[in-house]
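Student: Okay, sequence plus prediction incoming.
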Amino acid sequence: MESSEAGAQESLAEFLRQPAFQDVASLFRQFIAAAGNGHGASGIARVLHRHTSMPVIVEDPTGRVIASSGLEPRSHGPDSPRPRHHPLPDNAPHAVAVFNGDRWVAVARPRGETLGAISLLGPGDAAGVNLFKLEQAATVLGWELLHNRSVAEAELALWGDFATELFEDSDAGRVRSHAQRLGYDLDLTHRAVLVAPSLPVSLDLRDTICRATARLGIECLATVRSNGVVLVVANELKWSELASAISSESASKVRVGVGGRYRLEELKRSLADAEFALKLTSSAIDKPVAVFDELGVWRLLARPDASDLQNLVDHWIGALITYDREHRSELLKTLFTYLNEFGALEATAAKLYVHRNSLRYRLVRIAELTGWDLSDPEQRFHLDLACRAWFVRQALEGPSSTTWVARSTNGTAVLQGPSAATRASENRTAVVANEGSKPRRPSLA
């Protein structure tokens, strides 16, 4: 018996002394050392590239490249994703190499959850013995990513939840580091949604809101502030449905302010938007939702910069600008003239040198493309403002062949475009083409 055990031990010792095993053990030690000395995924990628001479990339679960080695320089930054033709393999075993499109991939899934993946780029028959090295790298990568997540969760347990960190921590680098460790994509744009209750704010309210969002299938972060509970939301939602669900769950009325979309490093601006929207509409107690993007001109009072002016234009008349550019039409000019003439059809038709029926057809088309009601005074006000903002931007950027330039006639802004003869000819054609049709007519004066 003793001789048998001694023989087994000697055989094991002999196996461990084999050069092949020594090579495996040495590579494992190099991977572990690269991860353990603070280089993390980047260190693992460098070691794998050094031993295979093949380009290496490390991705997070969303496919975003978080480390690489051996890639040619890319003009749009070293951290930008390499184009992927196939998603990460579904249900792939942990640290098992599979060919996926244009690369060999080993997914890091140490506990059944995909934490990332490491790949060798190249044709399917080019990897050879390197696949075993790739699987070794994926094994160590899984440990590293799992360790990073555990550390991040422990740190956030001391700091408070991640949503609180987004609004209160001024260290953007630290926020980004924690987000990456938790698998949270900071590059997505998000909205801050402020839920303001009629009763004093409490931790119970956050739990209530979390139950309501879970019931609706909404993924979000939540944090308590002095004026309500703030949700961090990446997806577009039916905000009135959210407000109704929260009110039902909490058995009390709430008002919901929805901020603009930002990357998470700038999410404080979105919260300020949400607060502004609620304050501006505080008298509208019958409207439980205030969306900053729908405030129109009032948004300029909250953050008066050029980007907001462009957003105003895009929101109200962007569809017309695109349509006119693609079809060489004059719908935007028609709308501006119609608004300038206070909705008077005869005066507008005369200014545009078009038949009254042709004008009605254009107005119906404008309503269909934009979705706005031209008989609504408030919407007409914002449409007029958006038109003027667009003409100001065009004037600042310089006129082009497709630009209508504002000029003044008797104190009223009008548009200058093609010659009257050209317009008259075009409009006669339009009238003849439309004589047999009966377009749906909006309620116009």
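Tutor: On my side now, so go ahead.

Student: quick one, helices of the stretch 301-445 of the chain?
Tutor: Taking DSSP state H, counting those that start in this stretch as the criterion, the stretch 301-445 of the chain carries its helices at 306-327, 331-340, 345-352, 356-370, 377-397, 420-434.

Student: Kindly report the domain assignment for the protein.
Tutor: With automatic domain parsing as the criterion, the domains of the chain are listed as 16-77+84-152, 163-294, 308-434.

Student: could those be laid out in CSV, adding mean neighbour count and mean pLDDT?
Tutor: C-beta here means a position set from N, CA and C on the backbone, and glycine is covered the same way. Formatted as CSV, the domains of the chain follow (neighbours: other C-beta atoms under 10 Å; pLDDT from 0 to 100):
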stretch, mean neighbour count, mean pLDDT
domain 16-77+84-152, 17, 79
domain 163-294, 18, 83
domain 308-434, 16, 73
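
Student: Can you tell me how far the nearest residue to Trp143 once chain neighbours are set aside is from Pro89?
Tutor: The shortest distance from Trp143 to any residue that is not its chain neighbour, by C-beta to C-beta, 6 or more residues apart in numbering, is 6.8 Å, and that residue is Pro110. Counting by C-beta to C-beta, to the nearest Å, the separation of Pro110 from Pro89 is 16 Å.

Student: returning to what we had before: which one of the helices of the stretch 301-445 of the chain lies closest to Asn148?
Tutor: Proximity to Asn148, assessed across the helices of the stretch 301-445 of the chain by C-beta to C-beta, is greatest for helix 306-327 (35.3 Å).

Student: Chain neighbours aside, what residue packs nearest to Arg263?
Tutor: Thr189 (5.8 Å).

Student: ugh, wrong one, I meant Ala33
Tutor: On the basis of C-beta to C-beta, 6+ apart, the spatially nearest residue to Ala33 that is not a chain neighbour turns out to be Gly43, at 8.0 Å.

Student: Ala95 too?
Tutor: Residue nearest to Ala95 in three dimensions, not counting chain neighbours: Ala138, with 3.9 Å by C-beta to C-beta, 6+ apart.

Student: Which strands or helices does the helix or strand hosting that neighbour pack on?
Tutor: The secondary structure element spanning Ala138 is helix 130-159 (assigned by DSSP states H and E). In terms of contact count using 3 or more C-beta pairs under 8 Å, 6 or more residues apart in numbering; DSSP states H and E, helix 130-159 is assigned the packing partners helix 19-34, helix 40-52, strand 97-99, strand 103-108, strand 116-121, helix 162-168, helix 172-181.

Student: and Ala196, that's in a helix?
Tutor: No: if the criterion is DSSP: H, G, I helix; E, B strand; the rest coil, then Ala196 is strand and not within a helix.

Student: and the gap between the residue nearest to it when sequence neighbours are not counted and Leu278?
Tutor: Once flanking residues are discounted, Ala196 sits nearest to Gly228: 4.1 Å by C-beta to C-beta, 6+ apart. Between Gly228 and Leu278 the distance, using C-beta to C-beta, works out to 9 Å.

Student: where do the contact lists of these two overlap?
Tutor: 194, 196 (C-beta atoms under 8 Å, 6 or more residues apart in numbering).

Student: check contacts around the nearest residue to Arg356 once chain neighbours are set aside.
Tutor: Across the structure, with C-beta to C-beta, 6+ apart as the measure, the residue nearest Arg356 apart from its sequence neighbours is Ala349 (4.9 Å). When the contact criterion is C-beta under 8 Å, 6+ apart, the partners of Ala349 are 355-356, 358-359.

Student: for Ala137, same thing?
Tutor: When the contact criterion is C-beta under 8 Å, 6+ apart, the partners of Ala137 are 31, 44-45, 47-48, 56, 106, 118.

Student: how near is the residue nearest to Ala196 to Leu339?
Tutor: On the measure of C-beta to C-beta, Gly228 and Leu339 end up 38 Å apart.

Student: hang on, isn't Arg269 packed against Glu275?
Tutor: No: in this structure, Arg269 sits apart from Glu275 without contact. The criterion is C-beta atoms under 8 Å, and the distance is 10.8 Å.

Student: re earlier: just tell me which of the helices and strands packed on helix 130-159 ends up closest to Val193.
Tutor: Using C-beta to C-beta as the measure, helix 162-168 is the one of those that comes nearest Val193, at 11.0 Å.

Student: quick revisit: same list (the helices of the stretch 301-445 of the chain) but as CSV, adding distance to Ala25.
Tutor: Putting the helices of the stretch 301-445 of the chain into CSV (distance: least, C-beta to C-beta, whole Å) gives the following:
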stretch, distance to Ala25
helix 306-327, 57
helix 331-340, 71
helix 345-352, 83
helix 356-370, 68
helix 377-397, 65
helix 420-434, 81
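
Student: Select, out of those, the one closest to Arg261.
Tutor: Distances from Arg261 to each of the helices of the stretch 301-445 of the chain were compared using C-beta to C-beta; the minimum, 10.1 Å, belongs to helix 306-327.
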